[in-house]
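Colleague: 3D, please:
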Amino acid sequence: MEKICVAVRVRPPVDLESSTTTTNSNGSHWKVEDNRISLHRSLAGTPLPPALSYTFDHVFDHDCSNSTVYDLLTKDIIHAVLQGFNGTAFAYGQTSSGKTFTMNGSDNNPGIIHRAVKDIFSKTNMSTEREFLIRVSYMEIYNEEINDLFAVENQKLQIHESLERGIFVAGLREEIVNSAEQVLKLIEMGEVNRHFGETNMNARSSRSHTIFRMVIESKGKDSGSNDHSSLDDAIRVSVLNLVDLAGSERIAKTGAGGVRLKEGKHINKSLMTLGNVINKLSDGAKQRGHIPYRDSKLTRILQPALGGNAKTSIICTVAPEEVHIEETKGTLQFASRAKRITNCVQVNEFKAQGALACRLGAERTPR
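Modeller: This is a model prediction of the structure:
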């Protein structure tokens, strides 16, 4: 059994929203010390009891770079995926708290997804013991419908499950890839098809959850010897999900109406289901009763990462200003429950047979 790794990241304060009377020198109501975050003053400016303090695996302040976040939170999962473990990393938090920046980053400060892709190909290119076949797909969940970001004609896709593939989205386009540059170009193309919109909280608000998925197959390289060990005959198949969630939002704050209002309702519903799943798992209900994975497409796809067979990290992003204190407290409570979840993690290793055995030799170039 292995616990989910949970971290919190505080984005830089926005001067327009910050108060000069009840904040610390950084314009924040929240104090970060090592792996602890605490609300150091109330709205009235008086000290608060220690109860409003939370401890996590990592807490990153507003000066922290995406490089540090990746190295401490996600890098070990990426390396484990290359050894045959499933892996998932996702960002959770209110709208405009820095989730997309953490996952996607910028040109001069790449996020988790870009760093993971480059790390994977760096490691596979240096491997002298195994050869790899990598496939990627990119989907969004928009208004509780799954759309293919690589192929706009593939919409309203359905979730299926099989013994061979586990939980998967039928009809989702997969591309066989050979380099990080090829993958990043595909992601850039997919981003064009993603749903964004303007709200009072964010000029470019994510209106959908996105899941970038890499399926990594590997087998031991042929040594040229006639003595084939069982390891040489084994195929490892791992799945990596890198998830950028849309942010929870209060309709009154975002000023949403019409299409934006409908989007916000679907976003909040799926995030509420995610919270319900986290609550059930953190209470140990997995051994006793029903876990509502199927109540949302997001939680259904993430089922292996939450109480299943995957190494998982969650980064919860928070906004430090006074106006967001209640939302930040809610995010920290979500994170506190998530860190109590344990997954049953194991290497996905299969005996090479038939078509699976020759895939790595037959499909070395992109379609």
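Colleague: the nearest residue to residue 302 once chain neighbours are set aside: neighbour count?
Modeller: Using Cβ to Cβ, 6 or more residues apart in numbering and skipping residues adjacent in sequence, the residue nearest residue 302 is residue 88, 6.7 Å away. Every residue, glycine included, has its C-beta placed from N, CA and C. Close neighbours of residue 88, defined as other Cβ atoms under 10 Å, add up to 26.
Colleague: now do the same for residue 88: helix, strand or coil?
Modeller: What DSSP: H, G, I helix; E, B strand; the rest coil gives for residue 88 is strand.
Colleague: pull the contacting residues for it.
Modeller: By Cβ atoms under 8 Å, 6 or more residues apart in numbering, residue 88 lies in contact with 77, 240-243, 302, 304-305, 310-313.
Colleague: mark which of those are part of helices, please.
Modeller: Among the contacts of residue 88, the members found in helices (DSSP state H) are residue 77.
Colleague: relative to residue 65, how far out is residue 106?
Modeller: Applying Cβ to Cβ, to the nearest Å, the value for residue 106 to residue 65 is 11 Å.
Colleague: let me fix that: residue 274
Modeller: Computed with Cβ to Cβ, the distance linking residue 274 and residue 65 is 27 Å.
Colleague: which of those two has more neighbours?
Modeller: residue 274 (25 against 11).
Colleague: what about that one, which SS state?
Modeller: Of the three states, residue 274 takes helix according to three-state DSSP.
Colleague: and residue 121, by the same measure?
Modeller: The three-state label given to residue 121 by three-state DSSP is helix.
Colleague: check contacts around it.
Modeller: When contacts are counted by Cβ under 8 Å, 6+ apart, residue 121 touches 179-180, 183.
Colleague: with residue 58 instead?
Modeller: By Cβ under 8 Å, 6+ apart, the contact list for residue 58 reads 5, 7-8, 35, 72-73.
Colleague: just send these back as TSV, with distance to residue 131 and pLDDT too.
Modeller: Output for the contacts of residue 58, formatted as TSV (distance: Cβ to Cβ, whole Å; pLDDT from 0 to 100):
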residue	distance to residue 131	pLDDT
5	29	97
7	34	98
8	39	98
35	39	95
72	30	97
73	29	96
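Colleague: among the residues you listed, which ones are in strands?
Modeller: Within the contacts of residue 58, residues falling in strands by DSSP state E are 5, 7-8.
Colleague: in the stretch 1-150 of the chain, what residue spans correspond to helices?
Modeller: According to DSSP state H, counting those that start in this stretch, the stretch 1-150 of the chain carries its helices in the segments 66-69, 75-81, 99-104, 112-126.
Colleague: correct me if wrong: residue 173 contacts residue 148.
Modeller: Yes. At 5.4 Å, residue 173 and residue 148 qualify as touching, with contact defined as Cβ atoms under 8 Å.
Colleague: my guess is residue 93 contacts residue 316, does it?
Modeller: Yes. Assessed by Cβ under 8 Å, residue 93 is found in contact with residue 316 at 5.5 Å.
Colleague: next, show the common contact partners of these two.
Modeller: Contact with both residue 93 and residue 316 is made by residues residue 331, according to Cβ under 8 Å, 6+ apart.
Colleague: so for the host helix or strand of residue 270, mean pLDDT?
Modeller: Using DSSP states H and E, residue 270 falls within helix 259-282. For helix 259-282, the mean per-residue pLDDT is 87.
Colleague: one step back: of the contacts of residue 121, select the buried ones using a PyMOL command.
Modeller: Burial among these is assessed by 16 or more other Cβ atoms under 10 Å; the matching PyMOL selection reads:
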select buried, resi 180+183
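Colleague: nearest to residue 346 among the contacts of residue 121?
Modeller: Nearest to residue 346 out of those is residue 183 (Cβ to Cβ; 26.6 Å).
Colleague: contacting residues for that closest one?
Modeller: Residue 183 is in contact with 117, 121, 136, 177, 214, counting by Cβ under 8 Å, 6+ apart.
Colleague: distance check, it against residue 305.
Modeller: For residue 183, the distance to residue 305 - Cβ to Cβ - is 21 Å.
Colleague: which residues of the stretch 151-300 of the chain score low on pLDDT?
Modeller: In the predicted model, the stretch 151-300 of the chain carries pLDDT under 70 at residues 195-206, 223-233, 249-260, 285-288.
Colleague: show me where it has its helices.
Modeller: For the stretch 151-300 of the chain, the helices defined by DSSP H, counting those that start in this stretch cover 180-192, 251-254, 259-282, 297-301.
Colleague: single out the most deeply packed of these.
Modeller: Most buried of these, by mean neighbour count (mean count of other Cβ atoms under 10 Å): helix 297-301, with a mean of 22.
Colleague: got the CA positions of it in CSV?
Modeller: Extracted in CSV, the C-alpha atoms of helix 297-301 (Å, rounded to 0.1, in the frame of the first residue of the first chain):
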residue,chain,number,x,y,z
LYS,A,297,-16.7,10.9,-16.1
LEU,A,298,-13.7,12.6,-14.4
THR,A,299,-13.7,10.3,-11.4
ARG,A,300,-14.4,7.2,-13.6
ILE,A,301,-11.3,7.9,-15.7
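Colleague: elements contacting it?
Modeller: With contacts taken as 3 or more Cβ pairs under 8 Å, 6 or more residues apart in numbering; DSSP states H and E, helix 297-301 sits against strand 130-142, strand 159-162, strand 166-169, helix 259-282.
Colleague: now the ones you listed in JSON lines, with distance to residue 152?
Modeller: Compiled in JSON lines, these are given as follows (distance: least, Cβ to Cβ, whole Å):
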{"stretch": "strand 130-142", "distance to residue 152": "11"}
{"stretch": "strand 159-162", "distance to residue 152": "19"}
{"stretch": "strand 166-169", "distance to residue 152": "15"}
{"stretch": "helix 259-282", "distance to residue 152": "18"}
